[in-house]
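Visitor: pasting the sequence and the predicted model now:
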Amino acid sequence: MDDKASVGKISVSSDSVSTLNSEDFVLVSRQGDETPSTNNGSDDEKTGLKIIGNGSEQQLQKELADVLMDPPMDDQPADKELVERSQLDGEGDGPLSNQLSASSTINPVPLVGLQKPEMSLPVKPGQGDSEGSSPFTPAADEDSVVFSKLTYLGCASVNAPRSEVEALRMMSILRSQCQISLDVTLSVPNVSEGTVRLLDPQTNTEIANYPIYKILFCVRGHDGTPESDCFAFTESHYNAELFRIHVFRCEIQEAVSRILYSFATAFRRSAKQTPLSASAAPQTPDSDIFTFSVSLEIKEDDGKGYFSAVPKEKDRQCFKLRQGTDKKIVIYVQQTTNKELAIERCFGLLLSPGKDVRNSDMHLLDLESMGKSSDGKSYVITGSWNPKSLPFQVVNEETPKDKVLFMTTAVDLVITEVQEPVRFLIETKVRVCSPNERLFWPFSKRSTTENFFLKLKQIKQKERKNNTDTLYEVVCLESESERERRKTCPEAVKPPVSEFNDTFSSRDEKLNYNDEPLLSGFGDVSKECAGKILETWGELLSKWHLNLSVRPKQLSSLVRSGVPEALRGEVWQLLAGCHNNDHLVEKYRILITKESPQDSAITRDINRTFPAHDYFKDTGGDGQDSLYKICKAYSVYDEEIGYCQGQSFLAAVLLLHMPEEQAFSVLVKIMFDYGLRELFKQNFEDLHCKFYQLERLMQEYIPDLYNHFLDISLEAHMYASQWFLTLFTAKFPLYMVFHIIDLLLCEGISVIFNVALGLLKTSKDDLLLTDFEGALKFFRVQLPKRYRSEENAKKLMELACSMKISQKKLKKYEKEYHTMREQQAQQEDPIERFERENRRLQEANMRLEQENDDLAHELVTSKIALRKDLDNAEEKADALNKELLMTKQKLIDAEEEKRRLEDESAQLKEMCRRELDKAESEIKKNSSIIGDYKQICSQLSERLEKQQTANKVEIEKIWQKVDDCERCREFFNKEGRIKGMSSAKEVLDEDTDEEKETLKNQLREMELELAQTKLQLVEAECKIQDLEHHLGLALNEVQAAKKTWFNRTLSSIKTATGVQGKETC
């Protein structure tokens, strides 16, 4: 068995559950308990296990090359490895204990009882020993690879078993929360019929096992993160109704890729490598028709955390959906006749509004789950549907009661025994109602069912690839409704099988020429350029800017080599003559504010423009917003042509190099000055002329291919329409598209013929081998993919530039075309011409009548709406008039109240003034009295002091005289009293007391008078304060009266009346 060849078969592909990038590897496994697969790594394997490698395919192959060339186990150096963990509750013979241990090195050990010394990580099949085997050890004859001293971190339930994001999240949680670890030995089988086993490293007894066909996904931790030493796999638990992830860790980081490779090997190989000639002939079915019953059920969020099935109307047989509610699509597929076929998986659940939709218009839904039902009779696929997204806007708007909508649902299935995928397509009616509308009993049945008849053809043994389960190829697939229509309408013919198969991608997605077209906007364009080239362009642009009306001589030769990406925006504007485009810039800013009659078509095409480019892939992003505005502005600017499908691709190319305004200006120049808009006029008459010119050029330059196309009845319009209408921008890689636009802006629209002839000439050998359908498929899928290599694109452009196609020759062919058309018109039977014209006029009449009916309906509806609005306006006017009258009355009352308050305020002011004057006069009078009193007191005090002073002097003189007289001295003592003369003393005392009493009385009278004066003064001051307080209250009342809401209302009415008066003037 060639392991290295098997590694090469790991193909980069896309998975319907989650999109894979170049770092992902999709492998094949059984999905049920049917006959074991016999795949040996061929290119026709079916996707079952997804392994995420966090590195390129080349890096993985380089790392695994050492594995394939490892010497015997005894010579291996120690290696390291990583693994992730989750709590384990295995599906095997016994539950895994909760013990956990630290990670350690990984060494392969024999499966059964062989005790060999520790060795460094050889990936070598463990050789079983029949002796000592027990019920808890792997079968001795199972070919497997064993890794020892791994640490099991645990397991957990997951909702999305194929989601790398959720797997890495669980890996991180389990690794960080792991407190106890368990050392285990991991046994990975080398065949898809085997079982992954967890063994006790001490006793080699089996702890748990997981059949390979139940393992869905394998992932490793990203480099540079704490989980870089971890890996995990998910498995379906309990009949695919529960999904669990198991996480492991190891010390040797490099060993993680080797463990992943072991899983890859298990899904690439079969257990029996017997030659095909020795294999038994497959069982022949009773008939070549296999019948399937496919049911569609739609569920809606009920607002309580659950999804409930939506009802169907009995009379119209249509689903009734609620507007703006999240939904789920559930598909039940059940085989009803013939030998049972094994459905491996669903790789796509698609949805689109309308019926008879194209495959390109279908939109992929996010898959939530897939697998067999609990009773095992049907295969159930569930996907989530967000009706608020732009592609489903049509089925998220409330439907009129007299109309229904159509919706198309498709499910793509991989069936083990069938060579190609099978698509079941269901068309159903739906009605969208308000989210608040209640649904009553007339809605009963909650699903729609369609029967499909799959006709298969058994592949002959000599044509069958070795060791595969593929037994049949598809002849046709027909639904019961299509069969009924075919019986009633015999002219309705089923498309050929090859066309049916074109809707699916090839099983080998690594091939360049699979059935999946190249997405528009593919290809990264580097802005790096040689310094010498930039210098040459810099000199040319400097000269060009000096005289913009004349192109430099060497411009054409430089453009043929390609304009540097960094200069394309400037050069394209100069080539198109947009260096002075201020009027178009201003025009654009006005146009984007207007409504476009083709808004719905523009919105629909925006999401399909350059989906492979980061700038345009996000719905509602800056790129799509700018692209929408440019297409809308042009549809309003050019009313004759409006918006045509394909313009968005050209506008997107321009937007990648310049702002919106400049991109719009260049688009207008290309459409008008370069004649691109002529292709859309007069029922595409000029476009058909271009097709004729291309066929005549083919007849001259590539006669053998021209004759071949005649033999298979392939005409130019069948493959070249998109080339002319979109200027090759829709399907080819961007670096090739940009170079074509360089040449077109420099040399004119005739460059399209050069490029077209170059494409045909380089593809001649392949096209000569195709039939009609093969040629169409080649143009649609394989031709654009040839130029994913920038080197091939450069060679093509060199060839196109080297071809000389003169304008004289093109004019000659144009004259031939017009002459031929005139002859056809003359030779045509007048009756047929009139009948054709009559049919055209009838169709136009029917279309106009329909438009007239629509307009009449719209007119009646608008009149009703206007009448309703007018009634509402009149009612509102009456209410406003009543309110105005009430306001006027309130204004009159407020003015009267104001006048009354003003009179009261004036009276209060006068009264306050009088009281204030009176108080001031009293204050003056009291002040004069107080002054007089103070003066009298002062005089009396002075007189008293003088009298006391005179008395003291007189007494001193008397004492002096008494003291000088010896005779008198005897009658007086030292205190001045007369000795022995009490009577005289008493008389003297009485005189003195009377005088004192007189003086005291006078003093009391004066004090009493002073107190009365002070009391009067205080009373006057109190009265003044009371008057001032009353005055302040009155002023406040007057001020408050001026600020009432009546005055404010009056002021606003006066202001409004003044403004209206000014406007009237």
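Guide: In hand now; what should we look at?
Visitor: could you list the buried residues of the one helix or strand R696 maps to?
Guide: Assigned by DSSP states H and E, R696 belongs to helix 685-701. Using 16 or more other Cβ atoms under 10 Å as the test for burial, helix 685-701 gives 686-698. In short, each C-beta sits where N, CA and C put it, glycine included.
Visitor: residues near S938, how many?
Guide: Around S938 sit 10 other residues, with neighbours defined as other Cβ atoms under 10 Å.
Visitor: mind checking how far it is from K632?
Guide: 105 Å (Cβ to Cβ, to the nearest Å).
Visitor: now the helices for the stretch 201-350 of the chain?
Guide: Ranges of helices within the stretch 201-350 of the chain are 255-268, based on DSSP state H, counting those that start in this stretch.
Visitor: same check, this time on the stretch 501-650 of the chain
Guide: According to DSSP H, counting those that start in this stretch, the helices that the stretch 501-650 of the chain contains are 531-546, 555-560, 568-576, 582-591, 599-606, 622-637, 647-655.
Visitor: pick the most buried one from those helices.
Guide: Highest mean neighbour count of the helices of the stretch 501-650 of the chain: helix 647-655, a mean of 27 (counted as mean count of other Cβ atoms under 10 Å).
Visitor: and the residue lying farthest from the centre of the chain, how close does it get to K961?
Guide: Note on the chain: the largest separation between a C-alpha and the mean C-alpha position, by Cα atoms, centre = their mean, falls on R967 (139.5 Å). Taken as Cβ to Cβ, the spacing of R967 relative to K961 amounts to 11 Å.
Visitor: same deal with L351?
Guide: When distance is defined by Cβ to Cβ, L351 is 147 Å away from K961.
Visitor: comparing the two, which residue is more hemmed in?
Guide: L351 (21 against 10).
Visitor: bridged to that one, which residues?
Guide: In this structure, L351 bridges to H363, T409 when assessed by DSSP bridges.
Visitor: verify the stated contact: it with V357.
Guide: No - under the criterion of Cβ atoms under 8 Å, L351 is not in contact with V357, lying 9.8 Å apart.
Visitor: intersection of neighbour lists for these two?
Guide: Taking Cβ atoms under 8 Å, 6 or more residues apart in numbering as the contact rule, the neighbours common to L351 and V357 are T408.
Visitor: and the longest strand along the chain, how far from the chain's centre?
Guide: With DSSP state E setting the assignment, residue counts place strand 144-158 as the longest strand in the chain. When C-alpha coordinates are averaged (Cα atoms, centre = their mean, to the nearest Å), strand 144-158 and its chain have centres 37 Å apart.
Visitor: again with stretch 928-936
Guide: If you compare the mean C-alpha spot of stretch 928-936 with that of the full chain, they lie 98 Å apart, counting by Cα atoms, centre = their mean.
Visitor: just stretch 872-892 next, same as before
Guide: Averaging C-alpha positions (Cα atoms, centre = their mean) puts stretch 872-892 51 Å from its chain's average.
Visitor: may I see the buried residues of it?
Guide: Neighbour counts using 16+ other Cβ under 10 Å place L891 of stretch 872-892 among the buried residues.
Visitor: so for it, mean pLDDT?
Guide: If you average the pLDDT over stretch 872-892, you get 94.
Visitor: again with stretch 672-686
Guide: If you average the pLDDT values across stretch 672-686, you get 86.
Visitor: how far away from the center of its chain is that stretch?
Guide: In terms of Cα atoms, centre = their mean, the centre of stretch 672-686 is set 37 Å apart from its chain centre.
Visitor: before we move on, what about stretch 943-960?
Guide: What separates the centre of stretch 943-960 from the centre of its chain is 119 Å, taken as Cα atoms, centre = their mean.
Visitor: pLDDT of that stretch, averaged?
Guide: Stretch 943-960 carries an average pLDDT of 86.
Visitor: could you dump that stretch to CSV, C-alpha only?
Guide: Included here for stretch 943-960 are C-alpha records, laid out as CSV according to Å, rounded to 0.1, in the frame of the first residue of the first chain:
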residue,chain,number,x,y,z
ARG,A,943,-24.2,122.1,83.5
LEU,A,944,-24.0,119.2,86.0
GLU,A,945,-20.4,118.8,85.5
LYS,A,946,-19.7,122.5,85.9
GLN,A,947,-21.9,122.6,89.1
GLN,A,948,-20.1,119.6,90.5
THR,A,949,-16.7,121.2,89.7
ALA,A,950,-17.7,124.5,91.3
ASN,A,951,-19.0,122.7,94.4
LYS,A,952,-15.8,120.8,94.8
VAL,A,953,-13.8,124.0,94.6
GLU,A,954,-16.1,125.7,97.1
ILE,A,955,-15.9,122.8,99.5
GLU,A,956,-12.1,122.7,99.2
LYS,A,957,-12.0,126.4,100.0
ILE,A,958,-14.2,126.0,103.0
TRP,A,959,-12.2,123.1,104.3
GLN,A,960,-9.1,125.1,103.8
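Visitor: phi, psi of V188?
Guide: When read as degrees, to the nearest 10, the backbone of V188 gives phi -110, psi 120.
Visitor: list the contacts for it?
Guide: By Cβ under 8 Å, 6+ apart, the residues touching V188 are S144, V145, V146, F147, V196, I259, S262, F263, T265, A266.
Visitor: could you redo the last one with a cut-off of 6 Å?
Guide: For V188, the set of contacting residues under the criterion of Cβ atoms under 6 Å, 6 or more residues apart in numbering consists of V145, V196, S262.
Visitor: the second one belongs to a strand, doesn't it?
Guide: Yes - counting by DSSP: H, G, I helix; E, B strand; the rest coil, one finds V196 located in a strand.
Visitor: tell me which residues form a beta bridge with it?
Guide: As for beta bridges, V196 partners with Y210 under DSSP bridges.
Visitor: does it really touch P211, like I thought?
Guide: No - in terms of Cβ atoms under 6 Å, V196 does not count as a neighbour of P211; the distance is 7.8 Å.
Visitor: may I ask which helix or strand encompasses T382?
Guide: The secondary structure element spanning T382 is strand 379-385 (assigned by DSSP H and E).
Visitor: give me the pLDDT for A984.
Guide: Checking the pLDDT column for A984, the value is 54.
Visitor: output the below-cut-off pLDDT ranges for the stretch 51-200 of the chain.
Guide: Applying pLDDT under 70 to the stretch 51-200 of the chain picks out residues 51-142.
Visitor: beyond the longest strand of the chain, next helix or strand please.
Guide: Next in line after strand 144-158, if elements are assigned by DSSP H and E, sits helix 164-177.
Visitor: how about that following helix: buried residues?
Guide: By neighbour count with 16+ other Cβ under 10 Å, helix 164-177 contains the buried residues E164, E166, A167, L168, M170, M171, S172, L174, R175.
Visitor: please name the nearest non-neighbouring residue to the second one.
Guide: With Cβ to Cβ, 6 or more residues apart in numbering as the measure, A160 is the residue that lies nearest to E166, at 5.0 Å, once sequence neighbours are left out.
Visitor: ok, back up a step: which secondary structure elements does the helix holding R696 contact?
Guide: If you count contacts as 3 or more Cβ pairs under 6 Å, 6 or more residues apart in numbering; DSSP states H and E, helix 685-701 packs onto helix 717-726, helix 751-762, helix 807-827.
Visitor: what's it in contact with?
Guide: Here helix 685-701 has contacts from 678-679, 706, 716-717, 724, 753, 756-757, 810, 813-814, 817, using Cβ under 6 Å, 6+ apart.
Visitor: could you rerun that using 7 Å?
Guide: Helix 685-701 is contacted by residues 678-679, 705-706, 716-717, 720, 724, 753, 756-757, 760, 805, 810, 813-814, 817 when judged by Cβ atoms under 7 Å, 6 or more residues apart in numbering.
Visitor: could you identify the helix or strand that succeeds it?
Guide: Assigned by DSSP H and E, the successor of helix 685-701 is helix 703-711.
Visitor: list the buried ones in that following helix?
Guide: Residues of helix 703-711 classed as buried by neighbour count (16+ other Cβ under 10 Å): L705, Y706, H708, F709.
Visitor: save the residues you listed as a markdown table, and put in pLDDT and distance to L884 too.
Guide: A markdown table is the format used below for these (pLDDT from 0 to 100; distance: Cβ to Cβ, whole Å):
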| residue | pLDDT | distance to L884 |
| --- | --- | --- |
| L705 | 93 | 85 |
| Y706 | 93 | 85 |
| H708 | 93 | 87 |
| F709 | 92 | 82 |
